[in-house]
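Asks: show me how the following folds:
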Amino acid sequence: MSPEIITILMFAALFIGILLGYPTAFTLAGISFIFGLFFIGPEVIDIFIARIFGLMKNYVFLSAPLFLFMGVFMEKAGVAESLYSALYQLLGGLRGGLAIATIAICTIFAAATGIVGASEVTIGLLALPAMIKRNYSKSLACGSICAGGALGILIPPSVMIVLYGPTAGLSVGKLFAGAILPGILLSMLYIAYIAIRCFFRPGDGPAMPREERTMPGGQKLRLLLTSIAPPIFLIFAVLGTIFFGIASVTEAAAMGVFASILLAGANRKLNLAIFIEAVRRTLEITSMILMICVGAGFFSAIFVYLGGGDVVTDFVLNLPLGKWGTLMTMIGLLIVLGMYIDWLGIILIIVPLFTPIAKSLGLDPIWFAMLVIMTLQTSYLTPPFATAIFYLKGIAPPEVKTTDIYRGVLPFVGIQVVGILLCVLFPKIITILPMLMIK
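Replies: Sure thing, here's the model as predicted:
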């Protein structure tokens, strides 16, 4: 059978398995085993063993559970509550101020956790009831929480970047540096959208009544500074040590864990129950990631062995679209895939195929990688499998319907596309900080 037919059959089987609701890890591993056994024979087991051994030897992957533990611990440390209270007082008097405060704290919290679930659930429990109580548009309230929470997968220390780097053969530290300005750009675009929308439609985000803003200005500023210091300390412990060449990514992850434990202790939230819960949740998430990594490793190994990688590369490079048309085609394909496949599966399957294509087109590898990561961020907001929507629906009060959340996220998906296009037009948004890193 020709490699072209095998490629079509493997992708068709993958989509059918995922759409039928089978777990991604087992779908990938099962398809790999069936195709490998049929076209290669019993020696396919040797390929699987070699792939698992290579995965377990990868030192950078060790940082993933450390960053996850740090994020879970920060969720339990009470940092978000104090920071939201400060921003609530500072920005509540503006139209849309609570939604803007939500984006701001999600941005800070994303840089202190690196995972979407911790940011969105923690901030959602604080912000959604507060905005609904003050008659905010439910769609605006839900959209700002989902979009702000999704920044956790882009802004370092992002777990997505930790897994992307070794998959594409790129420096995780440089990817972290490249993600900082795009993350801030998206955050600013979200805030601008909320401010403009609420300026023309005040009913969508009414200002807080004056009686709720009785705290003196000096006290507000002092509250903000004392509440923002802990996450800034954690951000510097992780990103600062990487950017200035003091620590590797894995060492910086360990620094982040230590700093998060110190912050929890300072907030009097450090006890055995919280520690055990953080370890349990970290183990659950890490096990899920590892299972998908193993399944995707099997799939990519068999796919490439049977010639699928060459088929995809030749097909994309022979499209009559030119360099930029091919790039836009890849981005569009990633958006569509993100609607149906988990981002982790996309990274482990598609990135090894797209990275050589980008190199053939002469694209900067860090710049292209960040475009892919920004594009995959949209998968958290694009139905039907929009993880951010599921997170928020799980904690939302009964009066918030799923349709409110869907309507809320659509404008922010458009803003994400605008952010991607800006990074295409102005590549230094991505490349300037990696070039300044101390080696």
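Asks: quick check: closest non-adjacent residue to residue 68.
Replies: Leaving aside its sequence neighbours, residue 68 sits nearest to residue 282 (C-beta to C-beta, 6 or more residues apart in numbering; 4.8 Å). The C-beta positions use only the backbone N, C-alpha and C, and glycine is treated the same way.
Asks: thought that neighbour was touching residue 72?
Replies: Yes - Residue 282 lies in contact with residue 72 (C-beta atoms under 8 Å); the separation is 5.7 Å.
Asks: more neighbours: these two, which one.
Replies: residue 72 (24 against 21; other C-beta atoms under 10 Å).
Asks: so what's that one scoring on pLDDT?
Replies: Looking at residue 72, its pLDDT is 73.
Asks: use 30 as the first number for this chain going forward.
Replies: All set: I'll call the first residue 30, so the last point we hit is now residue 101.
Asks: which residue packs closest to it, ignoring adjacent ones?
Replies: Per C-beta to C-beta, 6+ apart, closest to residue 101 is residue 307, 4.5 Å.
Asks: could you pull out the buried residues of whichever helix or strand that neighbour is part of?
Replies: Element membership for residue 307 (DSSP states H and E) is helix 301-334. Residues 303, 307, 310-311, 314-315, 318-332, 334 are the ones in helix 301-334 that count as buried (16 or more other C-beta atoms under 10 Å).
Asks: show me where this protein has its strands.
Replies: Using DSSP state E, no strands are found in the chain.
Asks: find the centremost residue of it, please.
Replies: residue 182 (1.5 Å; C-alpha atoms, centre = their mean).
Asks: surely it meets residue 192?
Replies: No - checked against C-beta under 8 Å, the pair residue 182 and residue 192 is beyond contact range at 10.7 Å.
Asks: how close does residue 332 sit to residue 355?
Replies: 21 Å (C-beta to C-beta, to the nearest Å).
Asks: ugh, wrong one, residue 260
Replies: Using C-beta to C-beta, residue 260 is found at 40 Å from residue 355.
Asks: and if you look at residue 178?
Replies: 32 Å.
Asks: for these two, indicate the residue with more neighbours.
Replies: residue 178 (30 against 20).
Asks: check contacts around that one.
Replies: The contact partners of residue 178, by C-beta atoms under 8 Å, 6 or more residues apart in numbering, come to 135, 139, 145, 148, 149, 150, 152, 153, 409, 417, 420, 421.
Asks: with neighbour count added, can I get those in CSV?
Replies: Converted to CSV, the contacts of residue 178 look like this (neighbours: other C-beta atoms under 10 Å):
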residue, neighbour count
135, 30
139, 31
145, 27
148, 33
149, 30
150, 18
152, 26
153, 25
409, 28
417, 30
420, 22
421, 27
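Asks: where do the helices of the stretch 230-379 of the chain begin and end?
Replies: Using DSSP state H, counting those that start in this stretch, the helices of the stretch 230-379 of the chain run over 246-264, 270-272, 278-295, 301-334, 337-346, 351-367, 372-389.
Asks: got JSON lines for these, with distance to residue 75 and mean pLDDT too?
Replies: As requested, those are exported to JSON lines (distance: least, C-beta to C-beta, whole Å; pLDDT from 0 to 100):
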{"stretch": "helix 246-264", "distance to residue 75": "44", "mean pLDDT": "71"}
{"stretch": "helix 270-272", "distance to residue 75": "37", "mean pLDDT": "77"}
{"stretch": "helix 278-295", "distance to residue 75": "29", "mean pLDDT": "81"}
{"stretch": "helix 301-334", "distance to residue 75": "11", "mean pLDDT": "81"}
{"stretch": "helix 337-346", "distance to residue 75": "19", "mean pLDDT": "75"}
{"stretch": "helix 351-367", "distance to residue 75": "30", "mean pLDDT": "86"}
{"stretch": "helix 372-389", "distance to residue 75": "20", "mean pLDDT": "84"}
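Asks: want to throw these into JSON lines with distance to residue 169?
Replies: Listed next are the helices of the stretch 230-379 of the chain as JSON lines, based on distance: least, C-beta to C-beta, whole Å:
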{"stretch": "helix 246-264", "distance to residue 169": "24"}
{"stretch": "helix 270-272", "distance to residue 169": "35"}
{"stretch": "helix 278-295", "distance to residue 169": "31"}
{"stretch": "helix 301-334", "distance to residue 169": "30"}
{"stretch": "helix 337-346", "distance to residue 169": "39"}
{"stretch": "helix 351-367", "distance to residue 169": "23"}
{"stretch": "helix 372-389", "distance to residue 169": "26"}
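Asks: where in this protein is pLDDT low?
Replies: The chain contains residues with pLDDT under 70 at 88-89, 104-109, 121, 143-144, 146-148, 239-250, 252-253, 413-414, 466-468.
Asks: what about 90?
Replies: 30-128, 130-131, 133-167, 174-175, 177-203, 205-206, 228, 231-391, 406-437, 462-468 (pLDDT under 90).
Asks: my guess is residue 145 contacts residue 415, does it?
Replies: No - counting by C-beta under 8 Å, residue 145 sits too far from residue 415 to count as a contact (11.2 Å).
Asks: overlap of the contact sets of these two?
Replies: Counting by C-beta under 8 Å, 6+ apart, the residues touching both residue 145 and residue 415 are residue 409.
Asks: from residue 435, how far out is residue 232?
Replies: According to C-beta to C-beta, residue 232 stands 20 Å off from residue 435.
Asks: more neighbours, the two?
Replies: Neighbours per residue, other C-beta under 10 Å: of residue 232 and residue 435, the larger number sits with residue 435, 17 against 10.
Asks: residues touching that one, list them.
Replies: Taking C-beta under 8 Å, 6+ apart as the test, what residue 435 contacts is 412, 418.
Asks: so what's the spatially closest residue to residue 354 that is not a sequence neighbour up against?
Replies: In space, and not counting its chain neighbours, residue 354 is closest to residue 348: 7.1 Å by C-beta to C-beta, 6+ apart. Counting by C-beta under 8 Å, 6+ apart, residue 348 touches 354, 355, 358.
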